[in-house]
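Enquirer: next input, structure requested:
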Amino acid sequence: MDKISELERELLISNAKSVVDGEPIGWFDELYQMAERNSAMIPWARMAPNQIMMDWVKKNSQPGNALIIGCGLGDDAIGLEQLGFTVTAFDISQHCIDWCMERFPNSNVKWMVGDILNPEQEWLGQFDVVIEIHILQAIPDGGIRETAAEQMPSLLSDNGQMLCIGRLDNGCQAILPPPWPLREDWLKESFNSLDLIEFTAFTNPDSPDVSRYYAAWRKNSV
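Expert: Numbers count the residues shown, from 1 in each chain. Below you'll find the model as predicted:
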């Protein structure tokens with residue numbers, strides 16, 4: 001993996017956005033293409049499963065059908081597969097999905113191009129665990145983020161669980177978006193059709209000034 005400066009990364013993101021004019025999330029595909037398989041060019045690429053996700057799922061869930069919303073370079077999907085889940089992972093970017101398939105050619109993860117604003121009908125009510133990490137915060141406000149949030153509960157099976165992880169708007173963060181930190185009351189209201197399991201605020205040692213959260217909900221059977 002080639003190292004790059006923060007300025008180089010910011011220029012790449014800016015160029016990707018300028019190419020895709022008027023598409024609030026369409027620029028992601030351009031970014032993945034321009035990165036030319038250098039993961040250092042993708043700011044959110046951790047190249048390992050999210051540890052909070054792994055710990056939470058191991059503690060609270062049994063293996064079943066899992067869905068990763070906005071899978072990025074695929075490490076979270078692979079982490080869930082290693083825990084015994086049957087995993088579907090989608091991203092809006094074809095270049096991203098192609099990259100995942102190249103990285104993990106022996107995986108049984110079902111990699112798909114998809115859009116949370118218009119999810120596949122075959123996904124509705126099918127997943128025991130739905131994972132969203134840093135996706136809602138990357139979608140601009142003004143109805144688009146709300147539309148994405150409205151779709152997510154419909155993907156859960158009866159008693160299915162949804163885990164969301166992101167930046168928390170605590171009212172005093174000075175962050176140039178994106179990402180747009182999310183308010184706790186907005187999250188709880190957006191998913192009020194589900195039962196809240198927990199909502200936990202935290203900070204990471206490497207960025208103690210940034211408030212974050214993980215939150216989980218359950219869909220009760222009717």
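Enquirer: in the chain, which spans are strands?
Expert: 65-69, 86-91, 110-113, 127-133, 156-167, 195-204, 207-218 (DSSP state E).
Enquirer: taking strand 86-91 as reference, get the angle to the first one.
Expert: An angle of 10 degrees separates the directions of strand 65-69 and strand 86-91 when computed by axes from the mean of the first three to the mean of the last three C-alpha atoms, to 10 degrees.
Enquirer: which strand residues bridge the residue nearest to the spatial centre of the chain?
Expert: Closest to where the C-alpha atoms of the chain average out (C-alpha atoms, centre = their mean) is residue 133, at 3.3 Å. Applying DSSP bridges to residue 133 yields these beta-bridge partners: residue 165.
Enquirer: how much space separates it from residue 69?
Expert: Distance of residue 133 to residue 69, computed by C-beta to C-beta, to the nearest Å: 8 Å. For the C-beta atoms, the positions are set from N, CA and C on the backbone; glycine is no exception.
Enquirer: any residues in contact with both of those two?
Expert: Common contacts of residue 133 and residue 69 (C-beta atoms under 8 Å, 6 or more residues apart in numbering): none found.
Enquirer: least trustworthy helix or strand in this protein by mean pLDDT?
Expert: Least confident helix or strand of the chain, by mean pLDDT, DSSP states H and E, is helix 6-19 with a mean of 48.
Enquirer: any low-confidence regions in this structure?
Expert: 1-26, 173-178, 222 (pLDDT under 70).
Enquirer: quick check: domain ranges of the chain?
Expert: Taking automatic domain parsing as the domain assignment, the ranges for the chain are 1-43, 46-218.
Enquirer: and the ones you listed, which is most packed in?
Expert: When you average the neighbours per residue for each of the domains of the chain (mean count of other C-beta atoms under 10 Å), domain 46-218 leads with a mean of 17.
Enquirer: how long is it end to end?
Expert: The first and final residues of domain 46-218 sit 27 Å from each other (C-alpha to C-alpha, to the nearest Å).
Enquirer: could you do stretch 126-146 as well?
Expert: End-to-end distance of stretch 126-146: 22 Å, with C-alpha to C-alpha as the criterion.
Enquirer: so how far is that stretch off the chain centroid?
Expert: Its chain's average C-alpha position is 7 Å from that of stretch 126-146, according to C-alpha atoms, centre = their mean, to the nearest Å.
Enquirer: I'm done for today, thanks for sticking with me.
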